[in-house]
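Asks: requesting a structural model of the entry that follows:
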Amino acid sequence: MLERSDLKQLRLPFAAALLLAGLGIAALLYSEHKLAEARKLQKAGQERLQAVRGRLAKVSEEEQEIRNNLVQFKQFTDKGMTGEEKRLEWIENLAQIRQRRRLFEVRYNLERQRAVDYPGIPSNQHGSEAIFLANRMKLELQLLHEGDLFNFLADLGSTTQTFAALRSCAIARIEGAAGGGGPLRPRLRADCVVDMITLKAADKPT
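Replies: Numbers count the residues shown, from 1 in each chain. The predicted model follows:
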């Protein structure tokens, strides 16, 4: 049987136990709150990625518009898109866009020039006056967010003296790049294929 003196001695341990229990409950509630926030951020990120993939999926639907533009010979000549391939200018332009947009990394593989292979676009147009040629460029970009990709593609199409035709683009989240504090680091990776199209005067028969 506990004496009154014993109860007095147990008051401090009992209060400490209640305090520890309260701290444990608070820690549990805080963990559940942070977990809910993390799940909310993950869901929002997945929704943004799905929206981006939906926009990129429309590339094939826009090929008809590309074909319509390609057959407008005068538009190309007015914009200085005729002549030989401009490999050095394209590479320098990629470096400038990367620096201007402060992108983490832009890798490229530029293939040799060849005739375009778009359905409905023959190799010669306008009575053999010009040939549509393309250098296929494969790009690998590391990005902070989806807007970096659209800014990059917009710059690529507006600053080169070439028709930059986007053929495909896939975007995915980099593993281990979840939201949170810490230094900025790439969170998305984009793999794109772009045709750098120019016009060249066709060889006329002698």
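Asks: so what strands line up beside the helix or strand where residue 110 lies?
Replies: Element membership for residue 110 (DSSP states H and E) is strand 105-115. With DSSP bridges as the test, strand 105-115 is paired with strand 130-143 (antiparallel).
Asks: and the partner strand, what's its mean pLDDT?
Replies: Averaging pLDDT along strand 130-143 yields 88.
Asks: so which bits of that strand are buried?
Replies: Judged by neighbour count (16 or more other Cβ atoms under 10 Å), strand 130-143 contains these buried residues: 130, 131, 132, 133, 134, 135, 136, 137, 139, 141, 142, 143. No exception for glycine: its C-beta is placed from N, CA and C like everyone else's.
Asks: which strands and helices lie in contact with the following helix or strand past that strand?
Replies: Next along the chain after strand 130-143, taking DSSP H and E as the criterion, comes helix 146-159. Counting contacts by 3 or more Cβ pairs under 8 Å, 6 or more residues apart in numbering; DSSP states H and E, helix 146-159 packs against helix 4-56, helix 87-101, strand 130-143, strand 163-173, strand 188-201.
Asks: take the ones you listed and lay them out in JSON lines including distance to residue 151.
Replies: Listed next are the helices and strands packed on helix 146-159 as JSON lines, based on distance: least, Cβ to Cβ, whole Å:
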{"stretch": "helix 4-56", "distance to residue 151": "13"}
{"stretch": "helix 87-101", "distance to residue 151": "6"}
{"stretch": "strand 130-143", "distance to residue 151": "10"}
{"stretch": "strand 163-173", "distance to residue 151": "14"}
{"stretch": "strand 188-201", "distance to residue 151": "12"}
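Asks: out of those, flag the one nearest residue 116.
Replies: Residue 116 sits nearest to strand 130-143 of all those, at 4.5 Å, using Cβ to Cβ.
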